Each structure stands twice: as C-alpha cells, then as structure tokens.
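[1] the sequence isn't on hand, but the structure is:
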Ligand SMILES: Nc1ncnc2c1ncn2[C@@H]1O[C@H](COP(=O)(O)OP(=O)(O)O)[C@@H](O)[C@H]1O
Ligand SMILES: [Mg+2]
C-alpha cells in the first residue's frame, strides 16, 4: 500500500571523523507529490542529509525510508526510485548534451535504443533540443542545470533530490529552472526534495519546509504556517532626522510585541499591522516625532529563522573544500562504482 509519506527520516545522525556532528538527530517526513524545501545556511548539514537519504552516505545512526524502502537495507532499490542532482555541476563538458543523457541511461542499464529515445524526450522537455549536439561546456549556467535535471530524470524517478540547484544562477536562470521543477511535479507527480539557502525561493517555491541549523531542525511547516507562528506583522516607521526617541511611546501601544530602533527607523512587531499604523503615526506625531514613512510587512522567512535560532540568516555563496571533496567522492561512488 502506498502511504502519503514518501520520505521518512528518523533521528538521522552523521558524525564525520568521530568529531564533527554534521547532522544531529534529524526527523521529518515528506508527502508524496510535495516540493519540500530543506532550508539552512552554509554548513547546516543539508548536503550531508541529502547524501544519507539518497543512499550515498551511511548515517552514524538513525533511519531513512524512501518510498517504503529502508535506505540502509535496500540502497539499490532506493537509487532506482530517486534522481539526485548535486550542488555543483556534474555534466561532462566534453560530451554533448545528448551524450551526457545517453551515458546516464547506460549507467542505469538501459538499452541503447531505449536510451536514445529517452534522451530525445528529455532534451525536448528541458528545452535543450536545439543545443543537443553541442558540447555541454558551451552551455549557459541555466542550460547546464536543465541538462543535469534531464540526466537525473533519465530512469524516470519518483523522487528528485536537488542539492542547492540554483546556486550561482542569475535570477532568470533560477526562475527558468524552477519553472521546470514545478512542471515536473504538476505533470508527473514527481516528489521534490530541494535544499537551498535562498530564503526567497524556499518561501515561494516550496509547499513545506524544514529549517536546519547546526545539524538540527529548528522548525517545520508550510512557509505561511512558519510565518504565522511569529504571531503578527512587522511595521517600520521612519521619523524625521533628529526627532525625539519614541521607542517607549510605541511600546506602550496596544498589540505591540517589540520595538527595535536603528537611527530614525523603528521596527515594530505587532499583532495586526494595518490598523496599528494610524494609531502609531498619531502617537509619534503627538510626541513631537514627525513620521516620514511607514511600511507594513508580513514577516519573512528571515524573521522566522531569527526567531527560531536567535541568529540572522547568513547569506553566503559558494562551497567549501570539504563539501567539494565529498561531492566528488559521491559522484564516484554513484557512477564509478556501479556493478
Ligand atoms: N567529509 C566531511 N568530513 C568532515 N566534515 C564534513 C564533511 N562533509 C561535511 N562536513 C562538515 O559537516 C557540516 C555540514 O556540512 P554540509 O552537510 O555540507 O552542510 P551544507 O550542505 O548545509 O552546507 C559542516 O560543518 C561541514 O564542514
Ligand atoms: Mg551543501
């Protein structure tokens, strides 16, 4: 029987070299057909988690179940059901787009004719047919990612693991890539597990999220559930330069949770932003602080992260040396070591 949960992680732990607790007791589930985001800053343990779920890395302890199969007991069965796209480009630049897909088809034991047919369909689907006979190294970043998506889909997996798939793409490339992912889910019901450290794409593209920090999950839920948990809106009020400090005035108003002041700008967390604004403006004016500007914002995932970790989300680019080495090892394990 098919359950609605297609991925289950139970208390997964990974300790590297007996010292680095990269993943520290992670539990969550992903529902069938969902786009599930695994959001966290650099070094949080995202790649390590993907590696354990995708049967590329043995957990120190804990259990992962993919489509009913326990990963540690049936890694090959798991690998047949999943496609994995790594953080860094894995397309072979010296092969054409078509060859890249056909080689992958061969790795999955598909017949030549079958591989050719499949690559034709995937090139079409990813809109790279016109570039199919060009070497992959001539592709733009966005095309390369689409080619990698095609490679990851060659064996028609039920689940796609995408590890920071949009890292380094420009906004157009990112949007384009997400368009393909959304379509895959819609047309083929593929479940997508995607890691990212881009808050905006986690917010807009994912049905549900887990936020991971220092190897631990700090919050799980849909983006709007997570934001709702903060219990209100963020109102920003800018007063005239040199105006008197109105922090206490604002704090005394009904519905206000916190007030933070920076220069002449006040960041106010309150229950309901819109009706609060006229009241706040009147109070400021009465206290002799002319109001120059006001914004009302629902909290973003930035605030969610801050709330649950006590820290600002660090937006960092790139990949460190360990992560790179691990990635290379993983690719070798996956394709080099197949019997
Ligand atoms: N092979 C490894 N050996 C030792 N430490 C590692 C290895 N791979 C990752 N780490 C460490 O584990 C932590 C989590 O890494 P990683 O899963 O790559 O995080 P993320 O993908 O979220 O950036 C980091 O502190 C990283 O330096
Ligand atoms: Mg990573």
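    Sure, I can see it. Everything numeric in this text was worked out from a predicted model, so none of it was measured. Ligands and ions are numbered 1, 2, ... in the order given.

[2] quick one: name the residues of the stretch 1-150 of the chain near ligand 1.
    For the stretch 1-150 of the chain, the contact set with ligand 1 under CB under 6 Å from any ligand atom comprises 16, 17, 20, 22, 40, 42, 43, 44, 45, 46, 47, 48. C-beta here means a position set from N, CA and C on the backbone, and glycine is covered the same way.

[3] quick check: the farthest pair among those?
    17 and 40 (21.2 Å; CB to CB).

[4] neighbour count for the two, which is higher?
    Counted by other CB atoms under 10 Å, residue 17 and residue 40 do not tie: residue 40 has more neighbours, with 27 against 5.

[5] roughly how far apart are the more buried one and ligand 2?
    Taking CB to the ion, to the nearest Å as the measure, residue 40 falls 9 Å from ligand 2.

[6] ok, that residue to residue 212 distance?
    4 Å (CB to CB, to the nearest Å).

[7] also residue 273?
    29 Å.

[8] more neighbours: which of the two?
    Legend: neighbour count by other CB under 10 Å for residue 273 and residue 212, higher for residue 212 (25 against 21).

[9] so after the helix or strand where that one lies, what's the next helix or strand?
    Here residue 212, judged by DSSP states H and E, is contained in strand 208-213. Downstream of strand 208-213, the next assigned helix or strand under DSSP H and E is strand 216-221.

[10] in its sheet, which strands sit next to that next one, and in what direction?
    With DSSP bridges as the test, strand 216-221 is paired with strand 208-213 (antiparallel).

[11] so for the strand it pairs with, what gets flagged as buried?
    208, 209, 210, 211, 212, 213 (16 or more other CB atoms under 10 Å).

[12] overlap in contacts, residue 40 and residue 212.
    Overlap of the contact sets of residue 40 and residue 212 (by CB atoms under 8 Å, 6 or more residues apart in numbering) consists of residue 46.

[13] does residue 264 touch residue 244 like I think?
    No - between residue 264 and residue 244 there is no contact under CB atoms under 8 Å: 10.4 Å.

[14] neighbour count winner among those two?
    Neighbour count, other CB under 10 Å: between residue 264 and residue 244, residue 264 has more, with 17 against 12.

[15] for residue 236, see how far away the more buried one is.
    Residue 264 sits 11 Å away from residue 236, taking CB to CB as the criterion.

[16] residue 313 too?
    Residue 313 is 19 Å from residue 236, where distance means CB to CB.

[17] the two: who's more crowded?
    Counted by other CB under 10 Å, residue 313 and residue 236 do not tie: residue 313 has more neighbours, with 20 against 16.

[18] quick one, phi/psi of residue 296?
    Note on residue 296: backbone dihedrals following degrees, to the nearest 10 are phi -120, psi 130.

[19] actually residue 136, not the one I typed
    With angles defined as degrees, to the nearest 10, residue 136 sits at phi -60, psi -30.

[20] just list the residues touching it, thanks.
    91, 92, 93, 94, 95, 96, 97, 100, 144, 147 are the contacts of residue 136 under CB under 8 Å, 6+ apart.

[21] adding pLDDT, secondary structure and neighbour count, write those residues out as JSON lines.
    Output for these, formatted as JSON lines (pLDDT from 0 to 100; DSSP: H, G, I helix; E, B strand; the rest coil; neighbours: other CB atoms under 10 Å):
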{"residue": "91", "pLDDT": "90", "secondary structure": "coil", "neighbour count": "22"}
{"residue": "92", "pLDDT": "94", "secondary structure": "coil", "neighbour count": "16"}
{"residue": "93", "pLDDT": "95", "secondary structure": "coil", "neighbour count": "12"}
{"residue": "94", "pLDDT": "96", "secondary structure": "coil", "neighbour count": "10"}
{"residue": "95", "pLDDT": "97", "secondary structure": "coil", "neighbour count": "16"}
{"residue": "96", "pLDDT": "97", "secondary structure": "strand", "neighbour count": "18"}
{"residue": "97", "pLDDT": "97", "secondary structure": "helix", "neighbour count": "29"}
{"residue": "100", "pLDDT": "97", "secondary structure": "helix", "neighbour count": "26"}
{"residue": "144", "pLDDT": "93", "secondary structure": "helix", "neighbour count": "22"}
{"residue": "147", "pLDDT": "95", "secondary structure": "helix", "neighbour count": "28"}
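
[22] can I assume residue 191 is in contact with residue 5?
    No - look at residue 191 against residue 5 with CB under 8 Å: they stay out of range, at 10.1 Å.

[23] where does the stretch 51-200 of the chain get nearest to ligand 2, which residue?
    Closest residue of the stretch 51-200 of the chain to ligand 2, CB to the ion: residue 87 (5.2 Å).
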